[in-house]
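Visitor: coords please:
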Amino acid sequence: MSSEAHLASLEEKHHALEAELDTLMNSPRPQEELVIDLKRRKLKLKDRIEQFRSTKH
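Guide: I've put the predicted structure just below:
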């Protein structure tokens, strides 16, 4: 997998988690544990994306 494809894959996963989190947050009673888990996973992906970008330049 090329560097650009890997970065795009990470970004797609991040956006998917963001969409899932938005949907969950708009539900009448979001499950707090699930919200925390999604936020944690999203943050880890963001960190990986930033780390990948910083090592690429």
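
Visitor: count of residues packed around Leu45?
Guide: A count of nearby residues for Leu45, using other CB atoms under 10 Å, gives 19. For glycine as for every other residue, the C-beta is placed from the backbone atoms N, C-alpha and C.

Visitor: can you name the residues that contact the residue most central in space within the chain?
Guide: Closest residue to the average C-alpha location of the chain: His14 at 2.6 Å, with CA atoms, centre = their mean. Contacts for His14 (CB atoms under 8 Å, 6 or more residues apart in numbering) come out as Lys42, Leu45, Lys46, Ile49.

Visitor: so which of those comes closest to Leu24?
Guide: Distance to Leu24, by CB to CB, is smallest for Lys42 among the contacts of His14, at 11.6 Å.

Visitor: so which strand or helix has that closest one?
Guide: Using DSSP states H and E, Lys42 falls within helix 32-56.

Visitor: show the average pLDDT along that helix.
Guide: Taken as a whole, helix 32-56 has a mean pLDDT of 95.

Visitor: what is that helix packed up against?
Guide: Packing partners of helix 32-56 (3 or more CB pairs under 8 Å, 6 or more residues apart in numbering; DSSP states H and E): helix 3-25.
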